[in-house]
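[1] Just a sequence and a predicted model for now, questions to come.
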Amino acid sequence: MSATSDELRETVRARYAAAAVQVTEGGAGCCGPRPVEIDDTFGATLYGADEREALPAEAVAASLGCGNPTAVADLREGERVLDLGSGGGIDVLLSARRVGPTGTAYGLDMTEEMLALALANRDRAGVTNAEFLKGTIEAVPLPAGTVDVVISNCVINLSVDKSEVFAEMFRVLVPGGRIGVSDVVAEDGLTPAQRAERGDHVGCVAGALSFAEYREGLAATGFTGIEVTPTHAVAAGMHAAIVRAVKPVPDSRG
């Protein structure tokens, strides 16, 4: 029997809560935070050494993503950026530094333990232009037209309603705003059952969209300039990918 949406969401929440506790409890011991154990296709190794060294060890240890969205989003001074599924805060802290004191970086997460870890990491890093919000990526607790850029790192594949995620990204962006997302994407020939054979939902595999489904979903929402570019394999027929798109500016003519 297939899991319900609520069951899948709770499985995801529990997994990431446990990861936050592992990092937090390790940091209270003698030897520093214990990184969450994942293979080299996910995690902090996908960031540059200079980026890792500039952050609290706890933020690096909690990294569970499949890419580095702050690098692909081309963040600029003064911009407002939202990270969907911000976890321990690594991408929010990097974004806050890229947008500078006149910009703002928001992190959104549904897991209390991750939010607590992210707030502690913000304080350790001395970052003052970052805010963390509790909520789901299908219902972002920000007004429309709030941010210039939406990023996310291997989280959209975990959503139980990706069309709602795309709609929320579109809603919170200003006209001309953009997305720079890292996510797991399936080759177009793989059926949902075949994706599930390669890994479970909480492992960022079973819930992945195909390349065509990603493009079609973003286009149906209204995004333009859509690019879905694979970066490295995470399983047979499954790839980490960079996803870019733009919310168009309405044509004022006529």
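    Now that the structure is in, tell me what you want to look at.
[2] how far away is the nearest residue to residue 235 once chain neighbours are set aside from residue 99?
    Leaving aside its sequence neighbours, residue 235 sits nearest to residue 198 (Cβ to Cβ, 6 or more residues apart in numbering; 4.2 Å). For glycine as for every other residue, the C-beta is placed from the backbone atoms N, C-alpha and C. Computed as Cβ to Cβ, to the nearest Å, the residue 198 to residue 99 distance reads 36 Å.
[3] next one: residue 242
    Distance from residue 242 to residue 99, by Cβ to Cβ: 20 Å.
[4] if we can go back for a sec, more neighbours, residue 198 and residue 99?
    residue 99 (23 against 17; other Cβ atoms under 10 Å).
[5] Strands of the stretch 1-150 of the chain, start to end?
    80-84, 104-109, 130-134, 147-153 (DSSP state E, counting those that start in this stretch).
[6] Okay, now the sheet partners of the third one, with direction.
    The strands beside strand 130-134 in its sheet (DSSP bridges) come out as strand 104-109 (parallel).
[7] residue ranges for the helices of the stretch 1-150 of the chain, please.
    Secondary structure of the stretch 1-150 of the chain (DSSP state H, counting those that start in this stretch): helices at 5-27, 49-53, 57-61, 69-72, 90-99, 112-125.
[8] and the residue nearest to residue 235, what does it touch?
    Contact analysis of residue 198 by Cβ atoms under 8 Å, 6 or more residues apart in numbering lists 190, 205, 206, 235, 236, 237, 238.
[9] Please report the distance of it from residue 234.
    9 Å.
[10] got any residues that touch both of the two?
    Shared contacts of residue 198 and residue 234 (Cβ under 8 Å, 6+ apart): residue 205.
[11] which of the contacts of residue 198 sit farthest apart?
    206 and 236 (13.6 Å; Cβ to Cβ).
[12] Give me the more crowded residue out of these two.
    More neighbours surround residue 206 than the other of residue 206 and residue 236, with 22 against 11 (other Cβ under 10 Å).
[13] Is the residue nearest to the more buried one when sequence neighbours are not counted in a helix, a strand, or coil?
    Leaving out its chain neighbours, the residue that sits closest to residue 206 by Cβ to Cβ, 6+ apart is residue 196, at 4.2 Å. Following DSSP: H, G, I helix; E, B strand; the rest coil, the label given to residue 196 is helix.
[14] Could I get the pLDDT score of the residue nearest the centre of the chain?
    Of all residues in the chain, the one closest to the mean position by Cα atoms, centre = their mean is residue 152, 2.4 Å from it. We note a pLDDT of 94 for residue 152 in this prediction.
[15] And it, how close does it get to residue 134?
    Note on residue 152: its distance to residue 134, by Cβ to Cβ, is 16 Å.
[16] Okay, now the unreliable bits of the stretch 101-250 of the chain?
    Within the stretch 101-250 of the chain, the stretches with pLDDT under 70 are 200-204.
[17] Try it again at 50.
    Judged by pLDDT under 50, the stretch 101-250 of the chain has no weakly predicted residues.
[18] and the strands of the stretch 1-150 of the chain, which is most packed in?
    Neighbour counts (mean count of other Cβ atoms under 10 Å) averaged over each of the strands of the stretch 1-150 of the chain peak at strand 80-84, with a mean of 28.
[19] as a whole number, average confidence for that strand?
    Averaged over strand 80-84, pLDDT sits at 97.
[20] strands paired with it, and their directions?
    By DSSP bridges, strand 80-84 pairs with strand 104-109 (parallel), strand 147-153 (parallel).
[21] out of those, nearest to residue 216?
    With Cβ to Cβ as the criterion, residue 216 lies closest to strand 147-153 of those, at 18.5 Å.
[22] What residues of the next helix-or-strand element following that closest one count as buried?
    Next in sequence after strand 147-153, counting helices and strands by DSSP states H and E, comes helix 162-172. By 16 or more other Cβ atoms under 10 Å, the buried positions in helix 162-172 come out as 162, 164, 165, 166, 167, 168, 169, 170, 172.
[23] Brilliant, that's me finished.
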